[in-house]
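>>> Okay, predicted coordinates and the sequence, questions at the end:
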Amino acid sequence: MLANLIAWFFTHSTYCSFFYTVKMELGRESLRTVLFFCFREGETAGGAHRRVCSVFGEDACSIATVKRWFAEWRTGSCRITDLVRTGRPQEDNHASEIEAIFEEYPLASAHFIAETLGVDRRSVRRTLTEVMHMKHVGFRWVPHDLTDGVRKKRVDGARNLLEFLGAQGPRQRDHVITDDQSWIFVRNKPDGCWVQEDCPRPCKAKPSQGEEKVMLTVLFSRRRIWVVNFLPAGLTFTAEYMVKGVLADLEAEVLKTKPKNGLHGWWIHLDNCTSHRAALTQDYIAGLGMLSLPHPPYSPDISPSDFALFGWLKAHLKILQLSTKQELMDVITKFLMNLEESWFASVWDEWISRIKWVCDNDGEYFIK
């Protein structure tokens, strides 16, 4: 009798519209009866879900529920009632209320949701993970918010870099030198350490403004380190220091190799900081016979010093306990000078790979 009534409702649009308008709410077993009717008619789970929701509203049931019941009925079962369960009664999971909160507050935390609904935080977490199949993830750090204009500049700059590097033969690639600076703290505490079970948890404070540090400049190529420079205390890294303190050292080191044409035919890759782009710096580079290889704006992800050298160096320093700037400078110099040639070659290969990735992904920041 009920099946006949259901079939009649589905074939009379006036009554269907009426029931949709008043948003008739079915009990669980009544809704399963409707679904079982659709199943016996040969409907698919997706078709039955659309059919029921078109009559009783979008919230009548979920597609997952329909699929679960259809799977059981295919085994020959005709059950539409709940099984008798023992133990703790099923709790209201508040999934619909949580979805409404996310619509208004997309970044809501489990703590905020629990306080808003007046329920236990563990219950909210259980609903989020087991019922709504969500997971909590941390934000991926990026250096800048990329506008469409910046993305275009990144792509154009990356293509120019890729075109240049791809056109160079093995010998010419060895004449491309990249440069960058970074502040290095004397004390670099690791993120954690191993302790005995009965020991208290160690603390790690944020470095204060007065913490001892040195500014490190490194120039390297596909085969070796050319210059390791530490900014003397009391000085500022200006274009004048870039010329007299860094590029002069580079000139001396390259000339030690007795190149046939001096520094003519050599390239230097610089980022876009003021001391690099200053007229004084660019004029000096041109006077050496070198050419300046420009870097795309807002692009530390495709700068070899940033994505490889400095990160690896700082990770190494975290396991050491240093107390003076001189100790730090000695350790850094030894570490850099002991890098194997294969390491530089691998960094160069990754550089080209990252540049290609940026070109192929509309200027987005590189993702491993």
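Yep, that arrived. Numbering: from 1, shown residues only.
>>> now the residue nearest the centre of the chain: how far from residue 368?
Residue closest to the mean C-alpha point of the chain, counted by CA atoms, centre = their mean, is residue 140 at 3.4 Å. Computed as CB to CB, to the nearest Å, the residue 140 to residue 368 distance reads 10 Å. For glycine as for every other residue, the C-beta is placed from the backbone atoms N, C-alpha and C.
>>> Could I get the full set of strands for the stretch 251-368 of the chain?
Read by DSSP state E, counting those that start in this stretch, the stretch 251-368 of the chain holds these strands, from start to end of the chain: 267-269, 291-293.
>>> and the ones you listed, which is most packed in?
strand 267-269 (a mean of 22; mean count of other CB atoms under 10 Å).
>>> so what strands line up beside the strand ranked longest in the chain?
Longest strand in the chain, counting residues (DSSP state E): strand 176-185. Pairing partners of strand 176-185, with direction, according to DSSP bridges: strand 213-220 (antiparallel), strand 267-269 (parallel).
>>> Out of the ones you listed, which is closest to residue 159?
The closest of these to residue 159 is strand 267-269. By CB to CB, the value is 15.3 Å.
>>> ok, and what's touching that closest one?
164, 175-179, 219, 250, 285, 290-293, 295 (CB atoms under 8 Å, 6 or more residues apart in numbering).
>>> Can you add mean pLDDT and distance to residue 77 and give the strands paired with strand 176-185 back as a markdown table?
As requested, the strands paired with strand 176-185 are arranged in a markdown table below (pLDDT from 0 to 100; distance: least, CB to CB, whole Å):
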| stretch | mean pLDDT | distance to residue 77 |
| --- | --- | --- |
| strand 213-220 | 96 | 70 |
| strand 267-269 | 95 | 69 |
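>>> thinking again about what came up before, how about the residue nearest to the centre of the chain: what's its closest non-neighbour residue?
The spatial neighbour of residue 140 that comes closest, neighbours along the chain excluded (CB to CB, 6 or more residues apart in numbering), is residue 367 at 7.5 Å.
>>> Model confidence score at that neighbour, please.
The score at residue 367 is 86. That number is its pLDDT.
>>> Could you say which helix or strand holds the closest residue to residue 359 other than its chain neighbours?
The shortest distance from residue 359 to any residue other than its chain neighbours is 5.0 Å, reached at residue 158 (CB to CB, 6+ apart). Using DSSP states H and E, residue 158 sits within helix 148-167.
>>> separation between the residue lying closest to residue 217 once chain neighbours are set aside and residue 245?
Closest residue to residue 217 apart from its sequence neighbours, by CB to CB, 6+ apart: residue 229 at 4.2 Å. Separation of residue 229 from residue 245 (CB to CB) stands at 6 Å.
>>> Same check on residue 115?
Following CB to CB, the distance that separates residue 115 from residue 245 is 57 Å.
>>> More neighbours: those two, which one.
Neighbours were counted for residue 115 and for residue 245 using other CB atoms under 10 Å; residue 245 has more, 18 against 12.
>>> is it true that the more buried one touches residue 230?
No. With the criterion set as CB atoms under 8 Å, residue 245 and residue 230 do not qualify as a contacting pair; they are 9.5 Å apart.
>>> hey, which helix or strand in this protein has the poorest pLDDT?
When the helices and strands of the chain are scored by mean pLDDT, DSSP states H and E, helix 13-21 comes last with a mean of 40.
>>> For the following helix or strand past that one, which residues meet the burial criterion?
For helix 13-21, the succeeding helix or strand toward the C-terminus, using DSSP H and E, is helix 28-40. With burial defined by 16 or more other CB atoms under 10 Å, the residues of helix 28-40 counted as buried are 31, 32, 33, 34, 35, 36, 37, 38, 39.
>>> Which other helices and strands does helix 28-40 contact?
If contacts are counted by 3 or more CB pairs under 8 Å, 6 or more residues apart in numbering; DSSP states H and E, helix 28-40 sits against helix 2-10, helix 45-56, helix 63-73.
>>> Out of those helices, which one sits most buried?
Highest mean neighbour count among the helices and strands packed on helix 28-40 (mean count of other CB under 10 Å): helix 45-56, with a mean of 18.
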